[in-house]
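**Student:** no FASTA, just this:
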């Protein structure tokens, strides 16, 4: 597997670990780390960059004092979107890019 694609999967795993025990409350340390990691995902292709940017914006809402409460599905909906929709979309795109290289 291409090294940068392998790193993308490792980044997804780290983001998922950060989200696994996260609470919907201000946590600048986790938010900053997720923002940094999501920024590292950019550049593989436009779809991954788009999904990573969505992840960054959703994390900012999740780790706010109250903004997560006004989202459809609330904090739980945001967490499902980040962990399952966005991270899985990134992983699937990485797999598709890898398959195209083989």
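**Tutor:** Now that the structure is in, tell me what you want to look at. Keep in mind that this is a model prediction, so the values were computed, not measured.

**Student:** list the buried ones in the helix or strand hosting residue 18?
**Tutor:** Per DSSP states H and E, residue 18 falls inside helix 3-20. The neighbour-count check on helix 3-20 (16 or more other Cβ atoms under 10 Å) flags 5, 8, 11, 12, 15, 18, 19 as buried. To be clear about C-beta, it is placed using only N, CA and C from the backbone, and glycine gets the same treatment.

**Student:** helices and strands around it, which ones?
**Tutor:** Under the contact criterion of 3 or more Cβ pairs under 8 Å, 6 or more residues apart in numbering; DSSP states H and E, helix 3-20 touches helix 28-41, helix 87-101.

**Student:** So which residues make contact with the first one?
**Tutor:** Residues lying outside helix 28-41 but in contact with it, judged by Cβ atoms under 8 Å, 6 or more residues apart in numbering, are 7-8, 11-12, 14-15, 18-19, 22, 48-49, 51-53, 55-56, 59-60, 63, 90.
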